[in-house]
Structures are given as C-alpha cells and as structure tokens.
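Enquirer: Let's see this in three dimensions:
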Amino acid sequence: MTEDEALAWCKATFGDAATDKLDRFRAMVLEENGRQNLISPASRETIWNRHIVDSAQLITYLPDRARTWFDIGSGPGFPGMVVAMLTDVQVTLVEPRGRRVEFLEYVAHQLQLAHVTVAKRKAEAVTGRADVISARAVASIPDLVTITGHLRHDGTRLILPRGKNGDSEVAMLPAKWRSMFHVEQSVTDPASVIVIADGVRT
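Expert: Sure, this is the predicted structure:
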C-alpha cells in the first residue's frame, strides 16, 4: 500500500474528519521524533501505511461488546492512540518509558481524548480487566500471554500485529493455545498478518 493509498483508505473507511485528526497525530509524531526516537527514520516517509493504517485496521476486529482496550508497550501510540481517535472505547496505553508517557499524555490532551488513560508502568504492574489487548512488536506471543494473564477475562480478545512471522509463531505455540488463535491478512502488506485469539487462559 502506497502512502496515497493509505490516506485514501483512511478517508474511505473513517471519513474526512477522522482522517484530519489522524493527520494531526501524524504531525505530532514526526515533530516529536526530532526529540526522541519514536519511529525509525526509514518509516517517516511511510507513516500512513506503516503506522497509522497498520494500527487503524485493528478496529475491524473490535468485538461489538468491547468497552475497554489495553495497548501494551504503546510507544508513540501505535496502535492504541489511533484506536482511541477512531472509537469511543476506553483505551489504556501501557508504556513504562517516561518521555514517551509525556508525549502520549500531551497527545491525549491536545486531541481531547478524555477516554484515554496512560499507565506509566510495565504490563505486569497494571490492574484491571480488558475486553481487548493489543501489542505491537513488544514480545513473543507466549510472553504476551503470560504477562497479560491478570488483565484478561474469559472473553478477552488478543489482537496482535505480527508482521511476516505471525503464521510461524502461531504454529509453534503450545497445543493448549494453538486452537484459540487464528491469523488474518494485514491490509498494509501482503506478507504481514494479524494474530487474533479469544479466551486464552494461562
């Protein structure tokens, strides 16, 4: 997907007003990137495709019943901040690094996202229960299952963008988990996948 295609996808899927808000966030990320390394230099020119649409597409898998979404290792806000901009779900951004937390809090304030909470801690120290848990390039799937066990209930959905190795990761999962996971195709890259699971127990 080119940058023009990614921008057009956002407009077609979410409308002009939502896309304008996403564009404000894009500008904030690029400006802050000059002060701290939020995204790689190589992805600056492909931020719509690599980061914004890659995050926004996860909303496709948001269950109708979901009211709370925890994003583990949010970094600059991908995917959690994008989810918050496009839905009214209560989003908790879990990020232990202080400067990134300051940036996330600034964005939430500037964009008037009252339904966003920024938790300055690791996932293991977070409390509460999430209807959806996401994590992007944070840890292996087994490790994510382990560190989020206390945050899940029987109906929690895991939505995990896994790039090009998602299929093999699922295939290597313990048998007790494997049947709970399935793989969806990413719209941003034909080689990338999104791993989804419901009701995983440790």
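
Enquirer: so where do the helices sit in this structure?
Expert: 3-14, 16-32, 47, 54-56, 80-86, 98-110, 141-147, 166-171, 175-178 (DSSP state H).

Enquirer: residue contacts, the residue most central in space within the chain?
Expert: By C-alpha atoms, centre = their mean, the chain has its centre lying nearest to Pro79, at 2.5 Å. The neighbours of Pro79, taking C-beta atoms under 8 Å, 6 or more residues apart in numbering as the test, are 54-56, 58, 71, 134, 136, 161. The C-beta positions use only the backbone N, C-alpha and C, and glycine is treated the same way.

Enquirer: try 6 Å
Expert: Going by C-beta atoms under 6 Å, 6 or more residues apart in numbering, Pro79 touches 55, 58, 134, 136.

Enquirer: and if you look at Ala6?
Expert: With contact set as C-beta under 6 Å, 6+ apart, Ala6 has these partners: 48-49, 53.

Enquirer: Most neighbours out of the contacts of Pro79, which is it?
Expert: Ser134 (28 neighbours; other C-beta atoms under 10 Å).

Enquirer: which residues are in contact with the longest strand that the chain contains?
Expert: Scanning the chain for the longest strand, with DSSP state E as the assignment, gives strand 152-163. Applying C-beta under 6 Å, 6+ apart, the external contacts of strand 152-163 come out as 58, 61, 63, 129-130, 132-136, 192-199.

Enquirer: Kindly report the same for stretch 92-106.
Expert: With contacts defined as C-beta under 6 Å, 6+ apart, stretch 92-106 is touched by 32, 36, 70-72, 74-75, 77, 80, 117-123, 126.
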